[in-house]
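> coords please:
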Amino acid sequence: MTYHSHKMVPDFSIENYDIWKFRIEAYLRSIHDEMWTVIETGPITITWPNTALGGDPDQPLGVQVPKPSREFNLEERK
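Residues are numbered from 1 along each chain as shown. Down below sits the predicted model:
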């Protein structure tokens, strides 16, 4: 497990916004490569194919639907 010190988190400064943005992006990417992408585009939705028979007719079999979090594997929980 990697430990990230809170001392590394850049303090927000409106006067030096451009420098802060650069540093906070670098900090978040150091935690995980996709961290900044999530901030720019929103959370990642993990999906799986709809296999429920007799389910919602608007979601036919094989269409990707959100996967319940209780069904996430170890890789998907990261």
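> make it CA atoms for all contacts and neighbour counts henceforth
Noted.
> The residue lying closest to residue 12 once chain neighbours are set aside: how many residues sit nearby?
In this structure, residue 12 finds its nearest non-sequential neighbour in residue 20, 6.2 Å apart by C-alpha to C-alpha, 6 or more residues apart in numbering. By the criterion of other C-alpha atoms under 10 Å, residue 20 has 17 neighbours.
> Let me see the confidence value for residue 20.
At residue 20, the predicted lDDT confidence score is 91.
> where does it land in three-state SS?
Following DSSP: H, G, I helix; E, B strand; the rest coil, the label given to residue 20 is helix.
> so how far is residue 27 from it?
Counting by C-alpha to C-alpha, to the nearest Å, the separation of residue 20 from residue 27 is 10 Å.
> re the thing from before, quick check: the residue nearest to residue 12 touching residue 26?
No: Residue 20 lies out of contact with residue 26 (C-alpha atoms under 8 Å); the separation is 9.8 Å.
> returning to what we had before: who's in contact with the residue nearest to residue 12?
For residue 20, the contact set (C-alpha atoms under 8 Å, 6 or more residues apart in numbering) comprises 10-13.
> residues of the host helix or strand of residue 75 that come out buried?
Following DSSP states H and E, one finds residue 75 within helix 74-77. By neighbour count on 16 or more other C-alpha atoms under 10 Å, the buried set for helix 74-77 is empty.
> again, but for stretch 15-31
20, 23-24, 26-28.
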